[in-house]
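# Give me a model of this one.
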Amino acid sequence: MKNLSFIGLCLFVFVEFCTAAAVEAAFGYSPLSAAIVVNAKTGEIIYSYNADLQTQPASLAKMMTLFLTFKALQQKKISPMTLIHISSNAASQKPCTLGLAAGKTITVRNAILALITKSANDVAVALAEHIGKSEEKFVSMMNREARRLSMSSTVFINPSGWKNPRQLSTVRDMAKLARALLLEYPSYYHLFSTKQFVFNKQLLKNHNGLLGRKGSIIVDGIKTGFLNASGFNLAASAFKGKKRLIVVVFGGKTPKQRDAWADILLQKGFMRLSREKKGSSLRETIMKMRKRRVLSLSDYQISPGIYNRIYNSPTGNEGVGIEGYKTNYAR
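Numbering: from 1, shown residues only. Purely as a prediction, here's the structure:
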C-alpha cells in the first residue's frame, strides 16, 4: 500500500509538472509580470518582483481619477450630489460603461461608486471633464499629482485606463497611489469596500473578488483592471489587527489567478509583519491554501523549475516563486 501511495504521489507530481510546462509553453509568460507588497503604515517594501516594469495599468488608472475626485470633494469644489453631465465624448467611450447617453446626468456619489464597482469608462471621462473642465486638462492634473506622489515611472494619457501604449505605470507607483488614497483621503477610502450598488435598476457588482474577510485578514479595497496588453491587474489593501498591507499585481492571466496570487502575497506579507515562524514559507502557505481548495494548479501556472523550487526547497526561501520568475511578458 505504501508503494502504491508513493507511485500515486509521483504520478500526481508528474502530471502537475507536465501541465505547468504546457501552460508556460502555450502562453509564454509567468503568472504575474510584476508584483509588490508594501507596509501601508511605513511604506516599507516587503516583497517586490519587477517593481519597476512599465506596462499599461488598465483601470488602475481610475485610482488617480478617484484621487482627484476626492480632492475636489474635500476642497468643496463639488459635493456628493453634484450632477455630472455626460458629454458626447464620454458617451462614446468603449466598455466597460454604464451606457449613459449624451445629455444624461449622474451624481458625483453614483459616479464614484460606478468607477469602484463597474469601472465605467464613460463615467470616468465625465468626471474628468467636470472637474478638469476638459479631459485634457484633467489628465494634466493627473500627471501633476503623480509627480507630487513621486510616481516617477507613471504617465497618464486618459482618466479611464483605456488602452494606450503611452499610458504606463509600475506596481511600485500604483502602490504609492493606493497608499496615498489611504493616508490622504481616509474619509472616502471606505467607498472602495462597496461590493455592489444599484443604478437605474441595474445591480453593479465589484470586480474585486478579494473583498471581505478571509480568516483574520480583511480586504477592504481598492481597484481592479484588465487590458490584453497587461493582463489582469489588481491593487488591494487589507488589514489584520492593527497591521495593514497594500499589494499590487500586474499580468494575471485570469481574475481568479490574479486574486489567488494577491491572496498568497497578503498572507505571506502578514506573516512577515508578525514574524510568525510556523508555516512562514511561501511553499507552506500555498500547500495550506490548496488543502482548503482556495488554489488549484491553474491559479499558479508556473514552470517545472520554479514549481520544484517552491515545493522541494529545503529552506522555503522567502520570495521563492515570486522573485524567482523570468518572464518575457512585457508587451
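# Pretty sure Val38 sits against Ala175.
Yes. Counting by C-beta atoms under 8 Å, Ala175 is a contact partner of Val38 at 4.7 Å. For every residue, glycine as well, the C-beta is placed using N, CA and C.
# Any idea what Val155 is bridged to?
Leu168 (DSSP bridges).
# export the helix or strand where Phe138 lies as CSV, just CAs?
Phe138 is located in helix 135-148, with elements delineated by DSSP states H and E. Extracted C-alpha coordinates of helix 135-148, given in CSV (Å, rounded to 0.1, in the frame of the first residue of the first chain):
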residue,chain,number,x,y,z
GLU,A,135,-10.4,65.7,-20.4
GLU,A,136,-7.0,67.0,-21.5
LYS,A,137,-6.8,69.4,-18.5
PHE,A,138,-7.8,66.7,-16.1
VAL,A,139,-5.1,64.4,-17.5
SER,A,140,-2.6,67.2,-16.8
MET,A,141,-3.8,67.3,-13.3
MET,A,142,-3.4,63.5,-13.0
ASN,A,143,0.2,63.8,-14.1
ARG,A,144,1.0,66.7,-11.8
GLU,A,145,-0.4,64.7,-8.9
ALA,A,146,1.6,61.7,-9.9
ARG,A,147,4.8,63.8,-9.8
ARG,A,148,3.8,65.1,-6.3
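# packing partners for it?
Under the contact definition 3 or more C-beta pairs under 8 Å, 6 or more residues apart in numbering; DSSP states H and E, helix 135-148 sits against helix 62-74, helix 121-132.
# Other residues contacting that helix?
With C-beta atoms under 8 Å, 6 or more residues apart in numbering as the test, helix 135-148 has contacts from 61, 64-65, 67-68, 71, 89, 125, 128-129, 131-132, 154-159, 173, 177.
# got the CA positions of whatever helix or strand Leu266 lives in in CSV?
Taking DSSP H and E as the definition, Leu266 sits inside helix 255-274. Output in CSV follows, covering the C-alpha atoms of helix 255-274 (Å, rounded to 0.1, in the frame of the first residue of the first chain):
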residue,chain,number,x,y,z
PRO,A,255,-9.2,37.2,-12.5
LYS,A,256,-9.1,34.0,-10.3
GLN,A,257,-5.4,33.6,-10.8
ARG,A,258,-4.7,37.3,-10.1
ASP,A,259,-6.8,37.2,-6.9
ALA,A,260,-5.2,33.9,-5.8
TRP,A,261,-1.6,35.3,-6.1
ALA,A,262,-2.6,38.5,-4.4
ASP,A,263,-4.1,36.4,-1.6
ILE,A,264,-0.9,34.5,-1.2
LEU,A,265,1.1,37.7,-1.1
LEU,A,266,-1.1,39.2,1.5
GLN,A,267,-0.9,36.1,3.7
LYS,A,268,2.9,36.0,3.3
GLY,A,269,3.2,39.7,4.0
PHE,A,270,1.2,39.5,7.2
MET,A,271,3.3,36.5,8.3
ARG,A,272,6.4,38.6,7.8
LEU,A,273,5.0,41.6,9.7
SER,A,274,4.0,39.3,12.6
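# ok so, going back, what comes up buried for the helix holding Phe138?
Across helix 135-148, burial judged by 16 or more other C-beta atoms under 10 Å covers 135, 138-139, 141-143, 145-146.
# possible to save these as TSV with distance to Glu44 and pLDDT?
Shown next, in TSV, are the buried residues of helix 135-148 (distance: C-beta to C-beta, whole Å; pLDDT from 0 to 100):
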residue	distance to Glu44	pLDDT
Glu135	36	98
Phe138	32	98
Val139	31	98
Met141	29	98
Met142	26	98
Asn143	27	98
Glu145	23	98
Ala146	21	98
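# Farthest pair within these?
Of all pairs drawn from these, the greatest distance, 16.4 Å, lies between Glu135 and Ala146 (C-beta to C-beta).
# ok, back up a step: which one of the helices and strands packed on helix 135-148 has the most crowded surroundings?
Highest mean neighbour count of the helices and strands packed on helix 135-148: helix 121-132, a mean of 26 (counted as mean count of other C-beta atoms under 10 Å).
# who touches that helix?
62, 65, 68-69, 72, 77-78, 82, 84-87, 89-91, 93-100, 106, 108, 111, 114-115, 135, 138-141, 158-162.
# Keep only those of those that are in helices.
Using DSSP state H, the subset of the contacts of helix 121-132 located in helices is 62, 65, 68-69, 72, 89-91, 108, 111, 114-115, 135, 138-141.
# secondary structure element for Ser48?
Following DSSP H and E, one finds Ser48 within strand 45-49.
# So which bits of that strand are buried?
Those buried within strand 45-49 under the rule 16+ other C-beta under 10 Å are 46-49.
# nearest to Leu245, of the residues you listed?
The closest of the buried residues of strand 45-49 to Leu245 turns out to be Ile46 (C-beta to C-beta; 7.3 Å).
# Please report how far the closest one lies from Thr194.
Distance, Ile46 to Thr194, by C-beta to C-beta, to the nearest Å: 27 Å.
# Ok, Val155 next?
Per C-beta to C-beta, Val155 is found 29 Å from Thr194.
# which residues of this protein score low on pLDDT?
Within the chain, the segments meeting pLDDT under 70 span 1-31, 276-331.
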